[in-house]
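>>> Provided below are the primary sequence and the corresponding predicted coordinates.
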Amino acid sequence: MIATVYHPNGGKMSILLRGLIATGYALSSTILSLILPNLVLAGPEAEHVPAPQVREEMWAIPSSPVPMLAYLIRPVGGGPFPLVVMNHGVSLDATGRSYFPVIEFRAAALWFARQGYVVVAPVRPGYGATAIEIPERGLFGLFFSGVGKCSDAEFREAGLAVASIDKWIIDYMSTQSFIKRDEVIIVGQSGGGWGSIALGSQNPESVRAIIGFAAGRGGHLNGKPNNNCAPDQLVDAVAEFGRTARVPMLWIYTHNDSYFGPDLSKRMAEAFRAAGGNVEYHLLSDFGGDGHFLIDSADAVQLWAPIVSEFLAKHP
């Protein structure tokens, strides 16, 4: 069935709905496919500038015990294209996990797709449709990225839990004919960015670069801004990742990030670099009410896109 949906910013999308074929763990069929015409999600001055056409899809990626839902956006054509794996943040609230969006950073994903990348953004186990229990005690305990008690925060383990999902996604997507298997970029925000750093400490051969937006863990202890669970342990954990990480990384923070403020993010970058990690650190000016959510906003693309473009050009 084909339908047409009008985009709130103008233009329209042609939608092809396909059935979800239940075949156990071999489930991998696309369940929703959208073609975006030449829309430009930028300011008025760019309204008439043509942009590459891209295709949006929903995938069910094989995993156990149930398939993992993933948003995918890619250039139109057969490729092959380089791959971006996009990690969403962390919610320790059961209700928040249940209502987790299918895609958090659609504007960012769209930007990468229009640079020629296939972007896949998995909804990790324990979120969205799979938020059916207390994940740290149930089917998804292995992948749930809680940090435990602040007195002995398991920051490293939480990051590696997300990294394990990334490796699974990379391995699966690398079997697709339209993917360049040795050109993978990992992008993550907040706890997802922390998982990206953890993956970098394992130096996967296919990963070319890692980009973290407001990466870290332990923010907003007891719901209070600028109140990290265990900042010294967080710095120690990132230094431990830095001892083995050799993948080039770009970390972007903002001055008004209420989870990881300038002092803490600078300490993290310095500790990571001193331990041997390769990181380019950027601290941007205040953005919105809380810069922690910079990547969520379409208005922010114009701020971080030149930084990301320059970084990727230096690490082809």
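Nice, thanks for sending it over. No experiment lies behind these values; they were computed from the predicted model shown. Residues are numbered from 1 along each chain as shown.
>>> Now name the helix or strand holding Ala269.
Taking DSSP states H and E as the criterion, the element that holds Ala269 is helix 262-274.
>>> quick one: contacts of that helix?
Residues outside helix 262-274 that contact it (Cβ atoms under 8 Å, 6 or more residues apart in numbering): 197, 216, 228, 231, 234-236, 238-239, 241-242, 245, 249, 251, 253, 255, 257, 260, 279, 281, 283. For every residue, glycine as well, the C-beta is placed using N, CA and C.
>>> can you do 7 Å?
If you take Cβ atoms under 7 Å, 6 or more residues apart in numbering as the criterion, helix 262-274 is touched by 216, 228, 231, 234-235, 238-239, 241-242, 251, 253, 255, 279, 281, 283.
>>> Give me the local confidence score for the nearest residue in space to Val162 that is not next to it in sequence.
On the basis of Cβ to Cβ, 6 or more residues apart in numbering, the spatially nearest residue to Val162 that is not a chain neighbour turns out to be Gly195, at 2.4 Å. pLDDT recorded at Gly195 is 94.
>>> Please tell me I have it right and Gly195 contacts Gly159.
Yes. With contact defined as Cβ atoms under 7 Å, Gly195 reaches Gly159; the gap is 5.1 Å.
>>> Excluding sequence neighbours, find me the nearest residue to Pro80.
The shortest distance from Pro80 to any non-neighbouring residue, by Cβ to Cβ, 6+ apart, is to Lys180 (4.6 Å).
>>> What count of nearby residues applies to that neighbour?
Lys180 is flanked by 16 other residues according to other Cβ atoms under 10 Å.
>>> do the same with the one 3 residues further on
A count of neighbours around Glu183, defined by other Cβ under 10 Å, yields 17.
>>> Tell me where the model's unsure across this structure.
1-50, 64-66, 89, 91-103, 124-148 (pLDDT under 70).
>>> Going along the chain, name the strands of it.
Counting by DSSP state E, the segments of the chain that form strands are 2-6, 12-17, 30-36, 54-61, 68-75, 81-87, 118-122, 179-189, 207-213, 249-254, 279-284.
>>> Give me the nearest residue to Tyr172, chain neighbours excluded.
For Tyr172, the nearest residue in space outside its immediate sequence neighbours is Ile61; the separation is 5.7 Å by Cβ to Cβ, 6+ apart.
>>> Report the contact partners of the residue nearest to Val162.
87, 145, 159, 162-163, 166, 188.
>>> for Val120, same thing?
Taking Cβ under 7 Å, 6+ apart as the contact definition, Val120 lies against 70, 72, 83, 85, 169, 173.
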